[in-house]
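S.K.: Dropping a prediction and its sequence here:
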Amino acid sequence: MTVSDVNETQPNLRFSQIGKPLTRTDSPGKATGRTPYAGDYVMPGMLHAKVVRADIASARLKRLDVSKARALPGVVCVLTAQDMPDRTIATDIPGQTGRAKLKTDQQILVKERVRYFGEPLALIAAETPDIAEQARRLIEFELEPIPGVYDPEEAMKPGAPIVQGTDNIVATHKIRKGDLEAGFAAADVIIENTYITPFQEHAFLEPEVGLAWIDENEVITIRVCTQVIEHFRAVADAVGVPHNKLRVMGAMVGGGFGGKEDVTVETYLAILAQKTRKPVRLEFTREDSFLGHGKRHPIKLKYRTGVTRDGKITALDVQVLADAGAYVYLSPYVLLYCAVNAPGPYRVDNLNVFAQAVATNNMFSSAFRGFGGIQAAAAYEQQMDEAANAIGMDRIEFRRRNYLKTGDPISTGFVPPSAIWTEKCVDLAWQALGEPTPSKGPIKIGRGIAASQQSYGRLTFLHDTSEAWVGIEMDGTVTVRSGVTDIGAGQASSLAQIAAEIIGVTLPNVNVYNSDSQVTPLAGTSTASRALYMTGNAARLAAQAVRDRLAVVAAELLKAEPAQISMEFNQVFVTDDPSRAMDIADLVKVCASRGVHRSELAIFRAPFTDVLDPETGQGQAHPDYAYGAQAIEVAVDIETGEVTVLKCIAAHDVGQCINRAAVDGQIHGGTQNGLGYALSEEMLYKEGRLITPSFSEYLMPTAMDMPHVETIILESRSGLGPFGAKGIGEPAMTPVAPAVANAIADAIGVRVFEMPITPERIWRALEAARG
Amino acid sequence: MSSDKAVTLRINGHDETATVPSHRTLLEALRGLGHVDVKCGCEKGDCGACAVLIDGEAVDSCLTLAHSAAGREITTLQGLGTPENLHPLQLSFSELGAAQCGYCTPGMIIASESLLRKNPSPSEDELRHALSGNPCRCTGYVKIFEAVNAAAEVMRNSGDPK
């Protein structure tokens, strides 16, 4: 659908399955404890693995003695880098065909240099978990500390310890358009602030876990909790087998949020299975999980905004510095999201963005829901409030004068093909806050708004594709096969709903087989808010092809034209004369007897583009963008700095709901993630050593902390997904933290420029303001 | 390391024997017996994913030694109901979208059941407090609260305090 087709007053088309708050197909199994997760699979004679980790962030491995561990009865295998001197693992994102890989291959186990706290030194496989743990304690190692660097600014200075490359800079992106100097010259006021965003831990409830074995065809097979089964190629390369001899099977994943986007346990499992030729299980402890996967990038964002008295942004200069941590992983891409989204959902014609990601000896940073776009939002929306304050204009009115509108170009010059309903989202969310709660004594009430822009679909220069197969059985039941992983957002269930809608069967009559790299058609990743957009479209295409073939036969049997045929609720009938009807199952039997093809394998392709211009950043980065807003009311106790979120409204244009309950769920969860990010979640590092590696130290919002979240769902029906859907997984979280920050600043009259906005930081900011 | 000893555990109404050392947690013993609806999230009592009812009270099985549970009534999520005969909490969690990734769900339902047995009409504060040891990363708790309240109403009206 093109933008001009969007009818804002048009009610939903008549759907039988789409848009309804249906019970997800995966819900009953989860609610009864019957759903198997990757960690629930066992095999006879399986071994239990452990990872031995470095306890210093920057060091040289002087000695690693595993002889005592190897001698322990019940220990089957202990591996160090010496046992695999040529092996490396690529950490670039998989599946892309559009450009060369990043140079991110890295050591699997420490050869000589330790770059971060917790970097793996050795792998153990033993007959029982107890023996594996005993063996871990018998491994002796000596690490010689070498100077490390823990701050990106320090890491860029001449003479700084080198962690990666020759200068620690792992990525640079530039976006330039218009005339920055002229823009600032036209401004009445220039507002300059620096915003600091923190590390964030995904804190999925299911720690990384997998089981590997070698099957009857000599295929290394790994059942693992992952967002990305297509790492099978990287893991195959790492262990030196052909791509068709390594199989990654998923399971229902106990939460991902980007933390299971990179390879986690797969390589270790493949190596140990290959060496021992026995099934091997590896489950990370919670501490392993804190130490073993990349975090959200801490980013420092310096914003300089030129504004006229009548509320027009004339120029914006943004300097971005991200902490990539010890290895590259997805830093270049995360940084690009940050740069592209630096102005947010606002029209800025004179723009300069300069973004760098720098290696340090901190934990490596990588994907996390929002993927750089969140850090940008945290800055641009606080800066919008600061700018409005500077010119004495109402903050909603100031935003209104600068919104991108449908058909406007974003920072890269690209015009999103869908509707931009920021204004509607902001107005509805703000109105829904209702009457203000009165302040009382030391309890100060404040309100904040934040709008957001977040892409859905992967970077278009990666040339993303997704496949799905749909077939209908002789009894009228439908099978969908697709490699898509289900990380808890209802990815599989939504495919079932799409197939059910198109073929006209009821949801319980559809079964989805998913997440198997060698058996289900490859669908790409469950990342980047892309699964519904990409795989949903593939399933739509496949289902439509099957339906069309059935309709031809039905038309003949019911003496009508194919266009007059309706299929709904397991029945096929003539639209204008429903008395001429038959069971879909009977129709399928006729089709089968005539040799009509009852299945289809479809591929959906995202837009394919070249990379952005390296000097100006102009071009297309993403397929499309989603827009939304969050409105928050907080109470701040100015004596203690304690913050209570009183009201929380989220308004998002999701294009088209496939499952209303699932959409609400994404927004509720995104809000929880965002509130924690804004207020309480803090990874404290001391010289690279994580000192908060548990849920009693790393504080995400509990049932005691979460406010009620009101959702306002708009459906522009203009997105690139099936039926006009946009992605909502990441967009749900993007505006939350800046709305909280703006509400706190509104309550206490001073801004805390660094997240999380803890009671201590609030108290210090108030003290500083008091002088 | 201590040697293995047999312990009889009464799980979901059936006696089962685990032969485990005295330091083995109930979580490990239950999963070892195939009760994998009891989830492992942290092994420190921080996440509640491993919660089971012991004599009707929600307990983190990772903080309980298997041998100490001998002779007591242990109930896991599967013990509350079956797909054919759903417990009201299982039905409401399923139908109201209270399970997303589902990994916290077993502990969340067990904690809710423990609350509702003692307090069939919990206030919002009481509900929040009862679930505060069960972090969830997917749902923002909104639909979980809705599901527990819906189930509580069904359970009150059915007169079955189960």
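M.R.: Received it, and whenever you're ready, just let me know what you need.
S.K.: Strands of chain B, residue ranges please.
M.R.: Counting by DSSP state E, chain B has strands at residues B:4-11, B:14-21, B:51-54, B:57-60, B:73-75.
S.K.: Show me what the last one is packed against.
M.R.: Helices and strands in packing contact with strand B:73-75 are listed as strand B:4-11, strand B:51-54; criterion 3 or more Cβ pairs under 8 Å, 6 or more residues apart in numbering or on different chains; DSSP states H and E. (Each C-beta comes from the backbone N, C-alpha and C, glycine too.)
S.K.: excluding its backbone neighbours, what's nearest residue 36?
M.R.: Since you didn't name a chain, this refers to chain A. A:A251 (6.2 Å; Cβ to Cβ, 6 or more residues apart in numbering or on different chains).
S.K.: Oops, wrong one, chain B.
M.R.: Nearest to B:V36 is A:D40, by Cβ to Cβ, 6+ apart, at 4.0 Å.
S.K.: Check A:Q497 too.
M.R.: Nearest residue to A:Q497, sequence neighbours excluded (Cβ to Cβ, 6+ apart): A:Q17, at 5.1 Å.
S.K.: Please name the residues that touch that neighbour.
M.R.: If a contact means Cβ atoms under 8 Å, 6 or more residues apart in numbering or on different chains, then A:Q17 has A:Q497, A:A500, A:E501, A:T506, A:L507 as its contacts.
S.K.: I'd like those residues written out as JSON lines, with secondary structure added.
M.R.: Below are the contacts of A:Q17 laid out as JSON lines (DSSP: H, G, I helix; E, B strand; the rest coil):
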{"residue": "A:Q497", "secondary structure": "helix"}
{"residue": "A:A500", "secondary structure": "helix"}
{"residue": "A:E501", "secondary structure": "helix"}
{"residue": "A:T506", "secondary structure": "coil"}
{"residue": "A:L507", "secondary structure": "helix"}
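S.K.: Any idea how many residues pack against the residue nearest to A:P36?
M.R.: 24 (other Cβ atoms under 10 Å in any protein chain shown).
S.K.: Check whether it really touches A:Y37, as I assumed.
M.R.: Yes: assessed by Cβ atoms under 8 Å, A:A251 is found in contact with A:Y37 at 5.4 Å.
S.K.: so what sits against both of those two?
M.R.: Taking Cβ under 8 Å, 6+ apart as the contact rule, A:A251 and A:Y37 both touch A:C225.
S.K.: Can you tell me which of the helices and strands packed on strand B:73-75 is packed in deepest?
M.R.: Among the helices and strands packed on strand B:73-75, ranked by average contacts under mean count of other Cβ atoms under 10 Å in any protein chain shown, first place goes to strand B:51-54 (a mean of 25).
S.K.: does any part of it sit near chain A?
M.R.: No: Strand B:51-54 stays clear of chain A (Cβ under 8 Å from any Cβ of the partner chain), getting no nearer than 10.8 Å.
S.K.: which residues make contact with that strand from outside it?
M.R.: B:26, B:30, B:38, B:58-61, B:64, B:69, B:72-76, B:79, B:106-107, B:110-111, B:113-114, B:133-134.
S.K.: one step back: measure the residue nearest to A:Q497 to A:S493 for me?
M.R.: 11 Å (Cβ to Cβ, to the nearest Å).
S.K.: ok, now B:Q90?
M.R.: In terms of Cβ to Cβ, B:Q90 sits 18 Å off from A:S493.
S.K.: Look at the two and report which has more neighbours.
M.R.: Remark: of B:Q90 and A:S493, B:Q90 carries more neighbours, 28 against 22, as counted by other Cβ under 10 Å.
S.K.: Need the pLDDT of the more buried one.
M.R.: pLDDT, B:Q90: 98.
S.K.: Have a look at the chain and report its longest helix.
M.R.: Reading this off chain A. Identified as the longest helix of chain A according to DSSP state H is helix A:536-557.
S.K.: The intended chain is chain B.
M.R.: Per DSSP H, chain B has its longest helix at helix B:142-158.
S.K.: Buried residues of that one, list them for me.
M.R.: B:V142, B:K143, B:I144, B:F145, B:E146, B:A147, B:V148, B:N149, B:A150, B:A151, B:A152, B:M155 (16 or more other Cβ atoms under 10 Å in any protein chain shown).
S.K.: can you check stretch A:619-633 too?
M.R.: A:620-633.
S.K.: one step back: check the gap between the residue nearest to A:Q497 and A:R24 for me.
M.R.: Distance from A:Q17 to A:R24, counting by Cβ to Cβ: 12 Å.
S.K.: number of nearby residues for A:H668?
M.R.: 27.
S.K.: Quickly find the element holding it.
M.R.: Per DSSP states H and E, A:H668 falls inside helix A:660-679.
S.K.: Quick check: which ranges of chain A have low pLDDT?
M.R.: A:1-13, A:94-103 (pLDDT under 70).
S.K.: Domain-wise, how is it divided?
M.R.: Structural domains assigned to chain A are A:1-14+A:414-458+A:614-771, A:465-605, following automatic domain parsing.
S.K.: repeat for chain B
M.R.: Chain B breaks down by automatic domain parsing into domains covering B:4-79, B:80-158.
S.K.: Now do the shortest one: distance to the chain's middle.
M.R.: When distances are taken as Cα atoms, centre = their mean, to the nearest Å, domain B:4-79 is centred 10 Å away from the chain's centroid.
S.K.: go on, the longest one?
M.R.: Domain B:80-158 has its C-alpha centroid displaced from the chain centroid by 10 Å (Cα atoms, centre = their mean).
S.K.: Ends of it, what's the gap?
M.R.: For domain B:80-158, the first-to-last residue distance is 16 Å (Cα to Cα, to the nearest Å).
S.K.: now do the first one
M.R.: End-to-end distance for domain B:4-79: 27 Å, by Cα to Cα.
S.K.: Would you mind checking the average pLDDT for it?
M.R.: 97.
S.K.: Rebuild the helices and strands packed on strand B:73-75 as TSV, extending it with distance to A:V263.
M.R.: Formatted as TSV, the entries for the helices and strands packed on strand B:73-75 read as follows, by distance: least, Cβ to Cβ, whole Å:
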stretch	distance to A:V263
strand B:4-11	36
strand B:51-54	31
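S.K.: For residue 38, grab the count of nearby residues.
M.R.: Defaulting to chain A. Counted with other Cβ under 10 Å, the neighbours of A:A38 add up to 24.
S.K.: Sorry, I should have been clearer: chain B.
M.R.: A total of 27 residues lie near B:V38 under the criterion other Cβ under 10 Å.
S.K.: ok, now A:K686?
M.R.: Residues lying near A:K686 (other Cβ under 10 Å) number 10.
S.K.: So what does it look like in phi/psi?
M.R.: phi -120, psi 110 (degrees, to the nearest 10).
S.K.: what's near enough to touch the closest residue in space to A:G292 that isn't next to it in sequence?
M.R.: Closest residue to A:G292 apart from its sequence neighbours, by Cβ to Cβ, 6+ apart: A:F284 at 5.6 Å. Residues in contact with A:F284, defined by Cβ under 8 Å, 6+ apart, are A:V51, A:P207, A:E208, A:V209, A:T264, A:V265, A:G292.
S.K.: ok, 10 Å please
M.R.: A:39, A:50-51, A:206-210, A:225, A:264-265, A:290-293 (Cβ atoms under 10 Å, 6 or more residues apart in numbering or on different chains).
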